[in-house]
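Participant: The sequence and its predicted three-dimensional model are supplied below.
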Amino acid sequence: MSGAKLRRPLGIIGLCALAAWPIVMSSPYDLRLFTLAGIFAILAIGYQFIFGYVGELSLSQGAFFGLSAYVTGILAAKAGFDFPATFAASIAVSVLLAALISLPVLRLASHYFALATLGIGQVLLLLAIDWQSLTGGAIGLSGVPLPRMFGFQIGRGWPLLLFVWSFVLLAALVAHQTKRGLYGLACHVVRQNAIAARSLAIDPDRIRFAMFLLSAAVAGVAGALHAHTIRIVSPEGLDFKVMISCLTMAVIGGRTHIWGAVAGALLVVHLPEWLRGLEQGYVIVTSGILIAILVLAPEGLAGLVDRLLPAAVGREAIPAAASAPASQVAGEGVLMPSETPILAIRGLTKTFGGVHALNDVTFSLMRGSITAVIGPNGSGKTTLVNCVTGIYRADGGEMVLGGNEISAMNSEDIAARGVGRTFQNLRLVDDMTVLDNVAVARFRTEQTSLGKAFLIGRRDARLERARSHAMHVLRRLGLETSAYLNCGSLAHGTKRLVEIARAICLDPVVLLLDEPAAGLNETEQADLARILEGLAARGLTLLIIEHNMEFLKSLATHMVCLDYGELIASGRPSAIYQDERVIEAYVGRRYGAEAMA
Amino acid sequence: MLQLLVNTFALGAAYSLLAIGFVLVLNATGAVNLAHGSFVVVGGFLSASLGTMLKLPGAVVLPVVLAGMMLVGGALALIAYYPLRNRSAVSVFISTISMSAILETSTLLVFGPAPRVGPPVLTAGSVELGLATLNVQSLATIVLAIAIVGAQYFVLSRTVLGKRLRAVAEDREMARALGMNVNAMIFVTFGIAAALAGAAGLMFANTFYITPGDGEGYMIKTYVAATMGGWGSLRGAIAGAFLVAAFEVLVPSLPLMLPAMVDALPSFQAAFSPTASTIWLYLAFLVVLFFRPQGLFGEAVQQRA
């Protein structure tokens, strides 16, 4: 039996084992442990939103947990509110705090985020100990009631266990909805390659923000339930140990697998019991396991299962793709390059520490033209692409796309306006299929959002449309046979084509290609040239950065040459090849011979 | 008043030791060592127990502590950094968090949960200096910290070993291409960082007392110092360390310095508690990041798009 077929029975066995656990180990103490495991499973599932799906190291999951427990404790024990009120308040406070911390730091590099989230835990802990009148100081608040709602009280033992585990189910459902559709694909790209996400009109900051708030909300659920279960809130709930446990669960179980979080929680909650002889020493054991897992199986238990029993690649029916026209003959176009500038660049300047990477560069791209940017290494070609796509903010000059000024826009907004690009050093997501790598470019067009992801029914219509569109593009580029392969397994030349397919899937008006022919053999180069000509013939405007003069010779309709950040020549390729300044710029350099050929 | 300034300076000097070690590791490995605070705990307990056993002042115990901490740092690099050196920086963040749990729990198991007091650097007591009475411990801390930083600076700038260490911090690939043993240099860097933090632990163990759970607090202050000053910059880290110390000493003593303010705002006393000073520091950190994400003195670690 193949691994994929074994997965379903194994999953069912796992679920049965989970259900049988509290039935077999049914002493009140065991039931309490199982209930606590459920609470920590919720915490870990919540943590996966930020740590797993978008890959940001947040160190405040424990802080939200403890804070929410305090809110529940204070409102329920001191003010006597019922569960619905205390529960809602606990979640709201966690989410609010998450919003406040993340606003200044979420857009910064990950070490700032780690510190800001680490710091908030320490601040809350000090507050909890100091503010005795409210929190009961170091001793904490006892007498938190069992959850009570609508005049009905959830009892100890089984009722509480089922109550808690129904929230586990709910959290798992929310996580599942987030993950499985087009939104989940976008999260995956944000985690692996935020710059690529921006180039596909996906705003990584916004997705990270949503995931961070969601993780705080779920931590709020766990914290509130924890207060009701252990009936006391104390500074211990805010201790960094809670955060370490949560991190341990997520890493041991697997960062992006829901069942991994549940398995991790069961393990981490029961380990101190199994290792009771060691007393505090169990921390050394769990931390040791954590490091071992990081080293040996970085994707955790769930990743290990995936490696042993790989899932069948989802060849879900792609309805529209089946009826899509077969690959069109490239090069058969009707449009000729027009005289209308679609992208006008005026006086573009960019300096890095006093060095002019671009100095007062001015030129325009005509609709349907293929413009090549040539120039020796370090002449500012890639900087030009990075400025136009908003990855670098230009120091001066303006860029106008179809009448709209785009100089001050974010990378993702420029992409949404119709500027697609590929990268010199490929930026594909290796552990994702070719089809999904390309399909994710439909994120903005399909108006994907987290709220809509929650409402997905049996199938995500957005994802299906996106995949169908992607399949259509892949066919046009002759890549349909690779659609279900992971990008990591592709040959270099195919990867370059997939990047182009991804950019086309965005439906751009201008496509910027950063050294598309690098690393391709001659046949591949000829195929690529034919494809690019076909795209231009249908009205797409292309800007190609290239060293390879042979490749450009018959392809480019217009050519500009950069040297030391200055535009030294602009015109028809035949004229550029004769231009004295161009030849001078190349003489004695690596590509001199080709330039004069 | 003078005593307050000396205290601030002493605390800042001790925090500088922490921040320098933190930044050295950061530059050499590109990763944050979240076990750095635990080095303080281990160093503090080491000096406290040596101090009580041998009945010697801290300055005499120091070489032993430094040597011991070099080993601890090397061991940490071996377990938590070396196997993960080719993985993402976040993996090292996590493994060092685990190491901090291991180090602090081991301390707890060996020495017990009770707070310990370390030996004074020279003697306890105070000296009369003109009008003011100054704490000997504070003065000795400053002198010792300057001496250690000076020695560290000498090693880094004047010796072959130091040049290699700096080369690795500057550009690992280039250093490797030039035939240096990069991994060995990184082990040494971790050792130096741990030794510096251990020396700081020796100072803190007497000025305050030390418990096995103190690591996180020191960790955060070090991290804040390095971030506020400018990521990856040694000078920035020292400036950040003094800023953190200023918050910690000066905010709680504001009411003492300006009694008129307390009379005017009696209910605001809570805003100057030691807890409040930590909160102010945290808020200041968020504000700094919001307006100057590169830190007060600019990032030294360049990131390429």
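Facilitator: Alright, I've got the coordinates.

Participant: And whichever residue of the stretch 351-500 of chain A sits closest to chain B, how far from A:I42?
Facilitator: Closest residue of the stretch 351-500 of chain A to chain B, CB to the nearest CB: A:I391 (5.2 Å). Yep, even glycine has a C-beta here, placed from its N, CA and C like the rest. Distance, A:I391 to A:I42, using CB to CB, to the nearest Å: 38 Å.

Participant: So between those two, which is more surrounded?
Facilitator: In terms of neighbours (other CB atoms under 10 Å in any protein chain shown), A:I42 is the more surrounded of A:I391 and A:I42; the figures are 31 against 19.

Participant: surely A:A311 meets A:R8?
Facilitator: No. Under the contact definition of CB atoms under 8 Å, A:A311 does not touch A:R8, with a separation of 10.3 Å.

Participant: In a strand, A:V93, correct?
Facilitator: No. Per DSSP: H, G, I helix; E, B strand; the rest coil, A:V93 lies outside any strand segment and is helix.

Participant: I'd like to know how far it sits from A:F64.
Facilitator: In terms of CB to CB, A:V93 sits 9 Å off from A:F64.

Participant: shared neighbours of these two, anything?
Facilitator: With CB atoms under 8 Å, 6 or more residues apart in numbering or on different chains applied, the overlap between the contact sets of A:V93 and A:F64 consists of A:G220.

Participant: quick one: which of the two has more around it?
Facilitator: A:F64 (37 against 20).

Participant: quick one: contacts for that one?
Facilitator: For A:F64, the contacting residues are A:S94, A:L97, A:A98, A:S215, A:A216, A:A219, A:G220, A:G223, taking CB under 8 Å, 6+ apart as the criterion.

Participant: which other helices and strands contact the helix or strand that contains A:A197?
Facilitator: In this structure, A:A197 is located in helix A:194-199 according to DSSP states H and E. Identification of packing neighbours for helix A:194-199 by 3 or more CB pairs under 8 Å, 6 or more residues apart in numbering or on different chains; DSSP states H and E yields helix A:182-192, helix A:204-230, helix A:411-416.

Participant: for chain A, which spans come out with low pLDDT?
Facilitator: When residues are selected by pLDDT under 70, those of chain A lie in A:1-3, A:312-337, A:587-597.

Participant: And chain B, by the same measure?
Facilitator: Flagging of chain B using pLDDT under 70 yields the residue ranges B:123-133, B:255-271, B:295, B:297-305.

Participant: longest helix of it?
Facilitator: Using DSSP state H to define each element, chain B has its longest helix at helix B:2-29.

Participant: got the buried residues for it?
Facilitator: Buried positions in helix B:2-29, judged by neighbour count with 16 or more other CB atoms under 10 Å in any protein chain shown: B:6-29.

Participant: what's the answer for stretch B:101-118, then?
Facilitator: The neighbour-count check on stretch B:101-118 (16+ other CB under 10 Å) flags B:A101, B:I102, B:L103, B:E104, B:T105, B:S106, B:T107, B:L108, B:L109, B:F111, B:R116, B:G118 as buried.

Participant: Identify those among the residues you listed that sit within helices.
Facilitator: Applying DSSP H to the buried residues of stretch B:101-118, the entries found in helices are B:A101, B:I102, B:L103, B:E104, B:T105, B:S106, B:T107, B:L108, B:L109, B:F111.

Participant: Let me know whether B:F39 touches B:F190 as I believe.
Facilitator: No. The pair formed by B:F39 and B:F190 falls short of the contact definition of CB under 8 Å, at 9.6 Å.

Participant: the more surrounded of these two?
Facilitator: Neighbours per residue, other CB under 10 Å: of B:F39 and B:F190, the larger number sits with B:F39, 33 against 30.

Participant: circling back to that earlier point, could the contacts of A:F64 go into CSV alongside neighbour count?
Facilitator: Supplementary listing: those in CSV, determined by neighbours: other CB atoms under 10 Å in any protein chain shown:
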residue, neighbour count
A:S94, 31
A:L97, 19
A:A98, 28
A:S215, 29
A:A216, 30
A:A219, 36
A:G220, 32
A:G223, 34
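
Participant: of all those residues, which comes closest to A:Q48?
Facilitator: A:Q48 lies nearest to A:S215 out of the contacts of A:F64, by CB to CB, at 7.6 Å.

Participant: ok, residue 241 - how many residues close by?
Facilitator: No chain was given, so I picked chain A. 17.

Participant: wait, I meant chain B there
Facilitator: Residue crowding around B:A241 was assessed by other CB under 10 Å; the count is 30.

Participant: what helix or strand does it sit in?
Facilitator: Secondary structure (DSSP H and E) places B:A241 in helix B:234-257.

Participant: excluding its backbone neighbours, what's nearest A:G303?
Facilitator: In space, A:G303 comes closest to A:G254 once its chain neighbours are excluded; the distance is 5.1 Å by CB to CB, 6 or more residues apart in numbering or on different chains.

Participant: before we move on, the earlier item: now the common contact residues for B:F39 and B:F190.
Facilitator: B:G73.

Participant: Tell me the secondary structure of A:S338, please.
Facilitator: On the basis of three-state DSSP, A:S338 is classed as coil.

Participant: coming back round to it: present the contacts of A:F64 as TSV; the columns should include distance to chain B.
Facilitator: Compiled in TSV, the contacts of A:F64 are given as follows (distance: CB to the nearest CB, whole Å):
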residue	distance to chain B
A:S94	18
A:L97	12
A:A98	13
A:S215	16
A:A216	17
A:A219	18
A:G220	21
A:G223	20
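
Participant: Centre-most residue in chain A?
Facilitator: In chain A, the C-alpha nearest the mean C-alpha coordinate belongs to A:V190, at 2.2 Å (CA atoms, centre = their mean).

Participant: List the contacts of that residue.
Facilitator: Listed by CB under 8 Å, 6+ apart, the contact set of A:V190 reads A:V54, A:G55, A:A197, A:I202, A:P204, A:I207, A:R208.

Participant: how far away is it from chain B?
Facilitator: Computed with CB to the nearest CB, to the nearest Å, the distance linking A:V190 and chain B is 14 Å.

Participant: returning to that earlier point: just the closest of the buried residues of stretch B:101-118 to A:L160, please.
Facilitator: When those are compared for distance to A:L160 (CB to CB), B:A101 wins out at 29.9 Å.

Participant: Around the nearest residue to that closest one once chain neighbours are set aside, how many other residues sit close by?
Facilitator: Nearest non-adjacent residue to B:A101, counting by CB to CB, 6+ apart: A:S287, 4.4 Å away. Neighbour count of A:S287, defined by other CB under 10 Å: 23.

Participant: Give me the helices and strands touching the helix or strand harbouring A:S287, please.
Facilitator: Secondary structure from DSSP H and E places A:S287 in helix A:282-296. With contacts taken as 3+ CB pairs under 8 Å, 6+ apart, helix A:282-296 sits against helix A:240-253, helix A:258-274, helix B:89-111.

Participant: got a list of what A:V373 touches?
Facilitator: For A:V373, the contacting residues are A:K381, A:L384, A:L543, A:I544, A:I545, A:E546, A:M559, A:V560, A:C561, A:L562, by CB under 8 Å, 6+ apart.

Participant: how far away is the nearest residue to B:A241 once chain neighbours are set aside from chain A?
Facilitator: In space, and not counting its chain neighbours, B:A241 is closest to B:Y15: 3.7 Å by CB to CB, 6+ apart. Distance of B:Y15 to chain A, computed by CB to the nearest CB: 15 Å.
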